[in-house]
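**Student:** what's the 3D shape of this:
(chains A and B)
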Number of protein chains: 2
Amino acid sequence: MINTLYLPELREMLVANDQVELKIFCETLHPSQTAQFMEGLSAADQWNVLRATDLDHRTDIFSYLDWERQIEILATQPQDEVAEVVAHLPADDRVDLLDEVPEQVVEQLLRILPANERRDILRLRQYPEGTAGAMMTTDVVRLAQSSSIREALEELSDSANDLEMVYYLYIVDDDGYLRGVVSAREILTAMRHPNRPLREIMNTDVIAARVNDDQEKVAELVAKLDLLAVPIVDQSGRFLGIVTHDDVIDVVLEEATADAHQMGAVQPLEAPYMRTGLLELSRKRGIWLVILFFCSLTTAFTLEHLENELLPWMVAFVPLVISAGGNSGSQAATLIITALARGDVSLKDWSTVVGREIRMGMLLGGALFFVGLATMWLFPKVSSLGLMAMLVVPVTLNLIVMAGTLTGSVLPLIFHRLKWDPAIMSNPLVAGIMDVMGIIIYVKVATLIVPAVV
Amino acid sequence: MINTLYLPELREMLVANDQVELKIFCETLHPSQTAQFMEGLSAADQWNVLRATDLDHRTDIFSYLDWERQIEILATQPQDEVAEVVAHLPADDRVDLLDEVPEQVVEQLLRILPANERRDILRLRQYPEGTAGAMMTTDVVRLAQSSSIREALEELSDSANDLEMVYYLYIVDDDGYLRGVVSAREILTAMRHPNRPLREIMNTDVIAARVNDDQEKVAELVAKLDLLAVPIVDQSGRFLGIVTHDDVIDVVLEEATADAHQMGAVQPLEAPYMRTGLLELSRKRGIWLVILFFCSLTTAFTLEHLENELLPWMVAFVPLVISAGGNSGSQAATLIITALARGDVSLKDWSTVVGREIRMGMLLGGALFFVGLATMWLFPKVSSLGLMAMLVVPVTLNLIVMAGTLTGSVLPLIFHRLKWDPAIMSNPLVAGIMDVMGIIIYVKVATLIVPAVV
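**Tutor:** Numbers count the residues shown, from 1 in each chain, chains lettered A, B, ... in the order given. Okay, here's the model as predicted:
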């Protein structure tokens, strides 16, 4: 929602070129709020507002602007000015941003940026999307093992303003290997002994992730250990950078959204819904609609094949019995897929899971048997055929719910075992599989218990 | 997975009562790893291992043990000993833990705990589950406005060891109102001017949440602003405590899992899948299975009512056309529900969303029309009836996909408008609604375009 509260005043200040008032506007509120109040302005006007304040405030507010707006500013405003802001952004956010900007703008910017920043950008850009490397920042305090508490404090004091994460200090040896970590908390506790070397207080049992690790793995590590940041090392153990807690929340949300999309039979979107183009959206939905259509074709063939065994009164209940199978299957699949994603269930639990779901299927199937039987009185055409005919739908419901529960729980486990994403076993796909099973069970039950009616 | 690597050694140390080795075991690794290596031991043995180390290590490792195991230790080990650990746990974790322990154990523990901790627990326990109050911790540095940088540094140095979050200091006035916040980073930067009062460097524009706010709202705030902690105030603005980043990751995961469960037509579980009892699990699934069953009953009534208009060859395609509607509806609902939950779409976007989904429905419906038409040649019974008969299923597919896309996107928006949880519009429920619509459209299309065949 665009906040228009300050827009008239802002426009007036811009027209009057009132640098004093603009500076006050930029420096009074939290940068996220300042960015929000500026939303209604054009990219050029936003940049003119930001010009009124110093580089720190300018970069902070810039980083809270809409993603598209950041990209637009980079592409349209004077290159030497925006380069300053780019150089000042946290290393990981900077790379994410440059990934979205047209390549020629990136090249121009790279030429203007200081050598350090340029090297850093080029290095981080080489890590594939979705890996620890692509999430990490290289702005971090590195100290030698011989450094003292005093030196660490001085280093913290000097660099606190420029770094994204000052709450851990990493101790590396001459070859760049990570030897230990000290938290700012520990430095603060130890500051009464300023001459002690860091070596004596550092934690040597450092938990690190590798640069090629999946971002989900890094997020799990941070979430499980309640860390503010996790160090990232290369294949040989050399220290490269860190991934910070705020990026982890983003990854957790991103992965949960991707899982939800898959479970709803949509290929995960790369950008938010409103920012995804209609063509891409239709591709990501269309592919699954067509796959599921071919699943349903199997159902049509099955039904056509069993046509003669399907008594006329049974037709009305086809959607009822197949949807009961689909629903119980979706429920089981949803539970197992989310439990696998959260680490609540792992492969060695398979027998427990299957045992539970069998009992679950019996309970739920039993419940639907009785509900189904009770409702048969609502259909005089069926109840007039006698008890055996009335039993066809309830018995089918019982069996199909048991089959659905078991199928929905076993398929994600099998997918997980094969190292495929269990979320591909989307609810509609499970439902599609249960459709075919449902029709076969329905017809078999009918031919078994009401031969007299045929 | 239980790690059995150290179990034999641990058991030997326990039998030999080797305090030195046990102490080394407790203090060498990251507490989460130590806890993992102890998983295979009984509660009593675990407690005996923990006894070998100091209170800090003991509390850290204890907090990484399985939740059930922590509860078991509290309930079975000597009360005065466990009370020490309880008093040492972070205030928010402690309250969550005590919520799970039998009430009589809590009362015994409360009697032994120091008065400060006791008051704190009783206060935090009064906030309802799911609110900011229930998530918050009261262990935090509070300083007066007149304090100097030096005093702040000393306070940090003294309390760093005992607090969960030392990276922000909160400045309160004599009446307990929050006046400002200073980060440890800012203190570190300013430490060369030790006599400056905090008043001069503190940020006065503090973003705080209210104690009754929903936990989801607090999590969004922390995620959006990349904060390490957010202050919590009471209705009149008095400072009560903070919610820290690690608890926010937990809430984000919890809410995403609850949404996924609802979208799969399962009432959200309160505990992980493996820890939820079969009866509770069957209740949370059964209630939706029965609701969805009654939805499907409507389909059965509709089909029975339209029986005479449903030509015999059309029966085989009933599941095909209704599942296409259900699938396109689930896709749209999934996208809109996740976009609403992530804040990517809000109510004022409704016309954009509806416009997009109408175009989406035309694209996807058009695609299924052609796919459907092509497959009709696979069914000689239909293709022998001529082109008009062959058009019935494809035209129905086209219309039902358009209807499904629109319904699946509009229903979550309506639910959101009514301030109900849009995720209640689960995929199976959308599919159930589309079943009825699908059958009506199917029959109408047939009577309109193939009157000659009737």
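**Student:** roughly how far does A:P8 sit from chain B?
**Tutor:** The spacing between A:P8 and chain B, counted by Cβ to the nearest Cβ, to the nearest Å, is 21 Å. (C-beta placed from N, C-alpha, C; glycine too.)
**Student:** next one, pLDDT for that residue please.
**Tutor:** What the model reports for A:P8 is a pLDDT of 85.
**Student:** now swap in A:N161 and tell me
**Tutor:** Value for A:N161, per-residue pLDDT: 67.
**Student:** cool, and A:P412?
**Tutor:** At A:P412, the pLDDT value in this model is 92.
**Student:** wouldn't it be in contact with A:I336 here?
**Tutor:** Yes. Contact status for A:P412 versus A:I336: in contact at 4.5 Å, counting by Cβ atoms under 8 Å.
**Student:** pull the number of nearby residues for A:A258.
**Tutor:** 20 (other Cβ atoms under 10 Å in any protein chain shown).
**Student:** go on, the one 5 residues further on?
**Tutor:** Other residues lying near A:M263 total 30 when counted by other Cβ under 10 Å.
**Student:** around chain B, pick out the residues from the stretch 101-250 of chain A.
**Tutor:** A:153, A:156-157, A:160-161, A:166-167, A:184-186, A:188-189, A:191-192, A:203, A:205, A:207, A:222-226, A:228, A:245-246, A:248-250 (Cβ under 8 Å from any Cβ of the partner chain).
**Student:** buried among those residues? Need that as a selection in ChimeraX.
**Tutor:** This is how ChimeraX selects the buried members of those, with burial counted by 16 or more other Cβ atoms under 10 Å in any protein chain shown:
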select /A:153,156,157,160,166,167,184,185,186,188,189,191,207,222,223,226,228,245,246,248,249,250
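**Student:** circling back to that earlier point, got any residues that touch both of A:P412 and A:I336?
**Tutor:** Counting by Cβ atoms under 8 Å, 6 or more residues apart in numbering or on different chains, the shared contacts of A:P412 and A:I336 are A:P422.
**Student:** buried sites along the longest helix belonging to chain A?
**Tutor:** In chain A, assigned by DSSP state H, the helix with the most residues is helix A:387-417. With burial defined by 16+ other Cβ under 10 Å, the residues of helix A:387-417 counted as buried are A:389-413, A:415-416.
**Student:** next one: stretch A:144-161
**Tutor:** Neighbour counts over stretch A:144-161 (16+ other Cβ under 10 Å) mark A:S147, A:S148, A:I149, A:E151, A:A152, A:L153, A:E154, A:E155, A:L156, A:S157, A:S159, A:A160 as buried.
**Student:** next, A:G264: phi, psi?
**Tutor:** A:G264 has phi and psi values of phi -90, psi 20 when expressed as degrees, to the nearest 10.
**Student:** mind listing what the residue lying closest to it once chain neighbours are set aside touches?
**Tutor:** Nearest residue to A:G264, sequence neighbours excluded (Cβ to Cβ, 6 or more residues apart in numbering or on different chains): B:T334, at 2.7 Å. Residues counted as contacts of B:T334 (Cβ under 8 Å, 6+ apart) are A:A260, A:H261, A:M263, A:G264, A:A265, A:V266, B:M263, B:G408, B:N427.
**Student:** looking at this, A:L289 is in a helix?
**Tutor:** Yes. Under DSSP: H, G, I helix; E, B strand; the rest coil, A:L289 falls within a helix.
**Student:** and it, how far from chain B?
**Tutor:** A:L289 sits 6 Å away from chain B, going by Cβ to the nearest Cβ.
**Student:** next one: that residue, what pLDDT does it get?
**Tutor:** At A:L289, pLDDT is 89.
**Student:** same thing with A:L378?
**Tutor:** A:L378 carries a pLDDT score of 91 in this model.
**Student:** got it, and the one 4 residues further on?
**Tutor:** Here the pLDDT value assigned to A:V382 is 88.
**Student:** dihedrals phi and psi, A:I121?
**Tutor:** The phi/psi pair for A:I121 (degrees, to the nearest 10) reads phi -60, psi -40.
**Student:** and A:Q77, by the same measure?
**Tutor:** Here is the backbone geometry of A:Q77 (degrees, to the nearest 10): phi -90, psi 160.
**Student:** burial measure for it, as a count.
**Tutor:** Using other Cβ under 10 Å, A:Q77 is surrounded by 18 other residues.
**Student:** residues contacting it?
**Tutor:** A:A43, A:A44, A:W47.
**Student:** looking at it, A:L89 is touching A:T59, isn't it?
**Tutor:** Yes. Assessed by Cβ under 8 Å, A:L89 is found in contact with A:T59 at 6.0 Å.
**Student:** and the spatially closest residue to A:V395 that is not a sequence neighbour, how many neighbours?
**Tutor:** Nearest non-adjacent residue to A:V395, counting by Cβ to Cβ, 6+ apart: A:V445, 5.2 Å away. Burial measure for A:V445: 22 neighbouring residues, criterion other Cβ under 10 Å.
**Student:** in the helix or strand hosting A:V445, what's buried?
**Tutor:** Assigned by DSSP states H and E, A:V445 belongs to helix A:427-449. Buried residues in helix A:427-449, counted by 16+ other Cβ under 10 Å: A:427-443, A:445-447, A:449.
**Student:** before we move on, what about stretch A:79-91?
**Tutor:** A:V82, A:A83, A:V85, A:V86, A:A87, A:H88, A:L89, A:P90, A:A91.
**Student:** tell me the contacts of the first one?
**Tutor:** A:V82 makes contacts with A:W47, A:I73, A:L74, A:L109, as judged by Cβ under 8 Å, 6+ apart.
**Student:** same check, this time on the fourth one
**Tutor:** By Cβ under 8 Å, 6+ apart, A:V86 lies in contact with A:L74, A:R94, A:L97, A:L98, A:L109, A:L113, A:E117.
**Student:** that one belongs to a helix?
**Tutor:** Yes. Counting by three-state DSSP, A:V86 is located in a helix.
**Student:** so what's it scoring on pLDDT?
**Tutor:** Here the pLDDT value assigned to A:V86 is 85.
**Student:** equivalent analysis for the last one, please.
**Tutor:** At A:A91 the predicted local confidence, pLDDT, stands at 76.
**Student:** skipping adjacent residues, who's closest to it in space?
**Tutor:** Once flanking residues are discounted, A:A91 sits nearest to A:T137: 4.3 Å by Cβ to Cβ, 6+ apart.
**Student:** burial check on that neighbour, number of neighbours?
**Tutor:** A:T137: 23 surrounding residues under other Cβ under 10 Å.
**Student:** from what I see, it and A:L240 are in contact.
**Tutor:** No. At 10.1 Å, A:T137 does not count as touching A:L240 under the criterion of Cβ under 8 Å.
**Student:** low-confidence regions, chain A specifically.
**Tutor:** Where chain A drops to pLDDT under 70, the residues are A:1-4, A:160-166, A:451-454.
**Student:** of the residues of the stretch 101-250 of chain A next to chain B, which belong to strands?
**Tutor:** Among these, DSSP state E puts none in strands.
**Student:** of the buried residues of stretch A:144-161, which belong to helices?
**Tutor:** Judged by DSSP H, helices contain the following of the buried residues of stretch A:144-161: A:I149, A:E151, A:A152, A:L153, A:E154, A:E155, A:L156, A:S157, A:S159.
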